[in-house]
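In: A structural model of the following input is requested.
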Amino acid sequence: MWRGAVGRRPAREVRGILELSGAFDALTRPGILPGVSRDGVAHHERIALCDLFERLGPDAPTLCEGWATRDLAAHLVVRESQPLALPGDFLEPLHGITARFEQRTLESNDFVDLVERLRTGPPSLPLGLPVQREFFNVHEFFVHHEDVRRANGLRPRRLGPALDAALWWRLRAFGPYLVRNLRGLGVQVSTPDGRTATLLPGRPQLQLSGATGELFMYVFNRRRSARVRVDGPLDAIERLEGTRLGV
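Out: Now for the predicted structure:
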């Protein structure tokens, strides 16, 4: 159902309507939604991750506990191709459904095929239209690209302006959810160039300082691998250290 239609309209017709109406140009105009553009920062992260998968092979480590590169590739393929598996990424009671889809995908595809499917991109729906592909994939591919890079000894990157802007926008938009388990504390993030954002209001306040990508990795619970400085009262820091962040 999801692969071929929205209601009764095929995906190519939906995109055609968007383009004819000017909606597609409006949504992809620079500055409207950082990271949603024809240039495709998510696409660049996708291709770079696939190149790294091919270089490292199926058995290389990742920052995802219990997963090698083959497992991460299967997860990403399932996320884009199996709509019924999506809720399990966010809702613990449904995680078993997602895990079964991932196991079946591992069993029915070798690593080369998984990487090629990932490189090609998703079917038209639910995540294949250009606006959707960028909006929903920038953070996913950045974090998992870094999961592979950092687990294999590669240092943090200096991000280009487009990717940095896309991640900063998402940090402000998604950050309150990602640090939700710290409610009752204030959480503020800041970058070396002077940008600041309050993810949670409150006192006492925790201050997280670092480059945009490092802050993003931190709130996605990759704290040990993120270069972030934490300041605040001792009891607030102790609570942070005992609290799971992220999805």
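
In: which residues in this protein form strands?
Out: Counting by DSSP state E, the chain has strands at residues 186-190, 196-200, 205-209, 229-231.

In: what would those look like in CSV with mean pLDDT, distance to Val112 and mean neighbour count?
Out: All C-beta atoms are positioned from the backbone trio N, CA, C, and that covers glycine. Below are the strands of the chain laid out as CSV (pLDDT from 0 to 100; distance: least, C-beta to C-beta, whole Å; neighbours: other C-beta atoms under 10 Å):
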stretch, mean pLDDT, distance to Val112, mean neighbour count
strand 186-190, 98, 39, 20
strand 196-200, 97, 40, 16
strand 205-209, 97, 39, 19
strand 229-231, 98, 41, 13
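
In: Distance to Ala74 for those strands - can I get that in JSON lines?
Out: Shown next, in JSON lines, are the strands of the chain (distance: least, C-beta to C-beta, whole Å):
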{"stretch": "strand 186-190", "distance to Ala74": "32"}
{"stretch": "strand 196-200", "distance to Ala74": "32"}
{"stretch": "strand 205-209", "distance to Ala74": "32"}
{"stretch": "strand 229-231", "distance to Ala74": "34"}
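
In: give me the low-pLDDT residue ranges for this structure?
Out: 1-39, 82-95, 97, 123-133, 135 (pLDDT under 70).

In: Identify the residues contacting the residue nearest the centre of it.
Out: Geometric centre of the chain, nearest residue: Glu140, 1.8 Å, by C-alpha atoms, centre = their mean. Applying C-beta atoms under 8 Å, 6 or more residues apart in numbering to Glu140 gives the contacts 42, 76, 79.

In: Out of those, the closest to Leu63 would be?
Out: Leu76 (14.3 Å; C-beta to C-beta).

In: burial measure for the closest one, as a count.
Out: By other C-beta atoms under 10 Å, the residues close to Leu76 number 25.
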